[in-house]
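Any chance you could fold what I've pasted below:
(chains A and B)
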Amino acid sequence: MSATTYPLRAEWAKFTTLRSLWTTPLLAVALSAGITAAAQFAYGKVDDSLTDDPMLGLYYGLNFGQVAVVCLGILLIGQEYSSGTLATSLAAVPDRIRFHRGKLLLGAGLGLAIGLLTVAGQLAATAASVGIDLAAPGSYRALAAGVLYHPLLLVLCLSLTTVLRNQTAALGLLSPMVFLGTTALSAIPGIREVVQFFPDRAGLYALRLQDDPEIHYGHGTGLLVMALWTALAVAAGLRTLRTRDA
Amino acid sequence: MIEIRDLTKAYGERRAVDGLTFRVEPGRVTGFLGPNGAGKSTTLRMALGLDRPTSGAALVDGMPYERLTEPLRRVGALLDAQAVHGGRTAAGHLRWIAASHGLPARRIDEVLAAVGLSDAAGRRIRTFSLGMRQRLGIAVALLGDPAALLLDEPVNGLDAEGIRWIRTLLRGLADEGRAVLVSSHLMAEMAQTADHLVVIGRGRLLADTSTAGFLADHGRRRVRVRAVDPAALAALLAEAHPEAVPVGDGAYDVPDAEPGELGALAASRRVVLIELSVTHDSLEDAFMRMTADAVEYRAVAA
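The predicted structure is shown next:
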């Protein structure tokens, strides 16, 4: 085994040796797939809001499951700040670029795994309950975007926590931002014009089939907007790691 | 070998470490002494590449720590035994550190045995006492079988048995040819453990000397004697203890003397003593005086 994989293997070992870390992705998949299944079997055939855009019903559980994804992104580095293990981590991997790369690879890998399982679970639940027509235009794009949304969201939260260097601050800032703030803010006209460019709003638009006339970009572009935010956060996180004392 | 070269760390106006230069040589235990806030931990953090020096350098085998590949094979460190995640087991904590260097699982068992935590390997760290956490921190430091060890206040929280254990351990590590730096704010503790002492105050070097030399300079025992007839005492001491020092009021301090011997000598010459007492120039006192001077010096300079 080559030394280049050591930082990633250390991150994997950190993940597997702490229950609060390895249970979180399981929770994300269970929430997303479970709540979609419950909603589709219970209301999928009677509630138009779940079926007008079939992806709205399919991804209904994601609204809940993504809470766990955000938490995992924060915890992956936040618990190093809160417990103080960051000093040991950096003593073991003093090259900040290698350390950062190990964290990002684990975060992206876990996010991708969560995305694949989540979308597979939600698709299966939808197919078994209300059925789905994958021939409808944009269906495969919406499914692929659903998978990619997870690693992007996870890496975004991981990187913002790296910038904040504080788990509590990250939880305090990110959870209301992602789960209340942008939804509530997008209800205010004018503000909505800006909020649609926020990473979670933009990313989620790529998961829809129907067009929203008030949104100024296409579905696929929405995911690119989110990817751009994530790239910026990654760069800012690395900058913080390299310039600040640990 | 670890070399601290003109190392300075400034936070705004305040200099936590100020032009510090010393070496940690292999084969001996170097005590790193200073009162709380003297800059010991900041120095160690810079040596590990965690904090960036304002100027100067801390070098491991001639290289900055950040440039080392597989640094845990060169330097093992214990900074803060509490900086662990309580949700991991002792073995789990060591496992991720071992993974960062591709060390075999066998090594985890070895270091746990070396610090006496084999039975607690599967227990969550949150159930550990401070003493057990110190032992775990030392296990982490030993994991890579490093040539140099940097331990920040490792004696904290250890009981008498633990303190004796750590002394024996440090001695053994130095005897194997490793460079061992141990920080402490307790002079007496270090005098018993270290071969060499580096004393700092307010971030500045105050002493860089062998422990034996420091003891000889500062650790003397003196016997104070005073007699009814000072002239008779002076005559007696001039003959038997020419090294005696008059300290006023007819009293003399006799360095490194035996009080019983002095009393018997005075009795045999019929010199009536009215005082015969032992005073130690204790290491702790010497250390306090030395560091207090540094504080005063800084206060005047500022």
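
switch to C-alpha atoms for all contacts and neighbour counts from now on
Noted.

hey, where'd the strands end up in the stretch 151-300 of chain B?
B:179-184, B:196-201, B:204-210, B:221-227, B:245-248, B:251-255, B:273-280 (DSSP state E, counting those that start in this stretch).

Could you tell me which residues of chain A lie near chain B?
Residues of chain A lying close to chain B (Cα under 8 Å from any Cα of the partner chain) are A:1, A:3, A:6-14, A:17-20, A:79, A:83-85, A:87, A:89-95, A:244-246.

Inside strands: which ones of those residues?
Among the residues of chain A next to chain B, DSSP state E puts none in strands.

Which residues are in contact with the residue nearest to residue B:78 when sequence neighbours are not counted?
In space, residue B:78 comes closest to residue B:151 once its chain neighbours are excluded; the distance is 4.7 Å by Cα to Cα, 6 or more residues apart in numbering or on different chains. By Cα atoms under 8 Å, 6 or more residues apart in numbering or on different chains, the residues touching residue B:151 are B:77-79, B:138, B:180-183.

State the distance from residue B:151 to residue B:111.
16 Å (Cα to Cα, to the nearest Å).

so where is chain A shaky, pLDDT-wise?
Low-confidence segments of chain A, defined by pLDDT under 70: A:1-2, A:178-184, A:186.

how about the helices of it, start to end?
Counting by DSSP state H, chain A has helices at residues A:6-16, A:19-43, A:48-51, A:54-58, A:62-83, A:86-92, A:96-129, A:139-164, A:167-176, A:182-185, A:191-195, A:199-205, A:219-243.

The residue in the stretch 201-302 of chain B that chain A sits nearest to: neighbouring residues, count only.
Closest contact between the stretch 201-302 of chain B and chain A, by Cα to the nearest Cα, is at residue B:203 (18.2 Å). Other residues lying near residue B:203 total 26 when counted by other Cα atoms under 10 Å in any protein chain shown.

host element of residue B:32?
strand B:28-33 (DSSP states H and E).

give the contact list for residue B:150.
B:44, B:75-79, B:180-182.

Wait, a strand at it?
Yes. Counting by DSSP: H, G, I helix; E, B strand; the rest coil, residue B:150 falls inside a strand.

Tell me how far it lies from residue A:11.
Taking Cα to Cα, one finds residue B:150 at 24 Å from residue A:11.

what about residue 167, how many residues close to it?
Picked chain A for this. For residue A:167, using other Cα under 10 Å, the count is 22.

I was thinking of chain B, sorry if that wasn't clear
18.

what's the answer for the one 5 residues further on, then?
Each residue near residue B:172 was counted by other Cα under 10 Å, and the total is 15.

again with residue B:231
With other Cα under 10 Å as criterion, residue B:231 counts 12.

Model confidence score at it, please.
Note on residue B:231: pLDDT of 89.

okay if I get the strands of the stretch 151-300 of chain B as a markdown table plus mean pLDDT?
Putting the strands of the stretch 151-300 of chain B into a markdown table (pLDDT from 0 to 100) gives the following:
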| stretch | mean pLDDT |
| --- | --- |
| strand B:179-184 | 96 |
| strand B:196-201 | 94 |
| strand B:204-210 | 93 |
| strand B:221-227 | 87 |
| strand B:245-248 | 85 |
| strand B:251-255 | 88 |
| strand B:273-280 | 85 |
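
With distance to residue A:150 and mean neighbour count added, can I get the ones you listed in TSV?
As requested, the strands of the stretch 151-300 of chain B are exported to TSV (distance: least, Cα to Cα, whole Å; neighbours: other Cα atoms under 10 Å in any protein chain shown):
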stretch	distance to residue A:150	mean neighbour count
strand B:179-184	46	26
strand B:196-201	52	25
strand B:204-210	52	18
strand B:221-227	72	21
strand B:245-248	81	13
strand B:251-255	77	21
strand B:273-280	70	14
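
okay, these in JSON lines with distance to residue A:44 next?
Shown next, in JSON lines, are the strands of the stretch 151-300 of chain B (distance: least, Cα to Cα, whole Å):
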{"stretch": "strand B:179-184", "distance to residue A:44": "67"}
{"stretch": "strand B:196-201", "distance to residue A:44": "73"}
{"stretch": "strand B:204-210", "distance to residue A:44": "73"}
{"stretch": "strand B:221-227", "distance to residue A:44": "91"}
{"stretch": "strand B:245-248", "distance to residue A:44": "100"}
{"stretch": "strand B:251-255", "distance to residue A:44": "97"}
{"stretch": "strand B:273-280", "distance to residue A:44": "88"}
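
who in the stretch 101-250 of chain B is up against chain A?
Selection of the stretch 101-250 of chain B residues close to chain A by Cα under 8 Å from any Cα yields B:101-102.

In the stretch 101-250 of chain B, where is pLDDT below threshold?
For the stretch 101-250 of chain B, the ranges with pLDDT under 70 are B:219.

Quick check: the most centrally placed residue in chain A vs chain B, distance?
By Cα atoms, centre = their mean, the mean C-alpha position of chain A lies nearest to residue A:153, the distance being 2.7 Å. Distance, residue A:153 to chain B, by Cα to the nearest Cα, to the nearest Å: 25 Å.

contacting residues around that residue?
A:69-70, A:73, A:111, A:200, A:230.

Residue A:18 too?
B:87-88.
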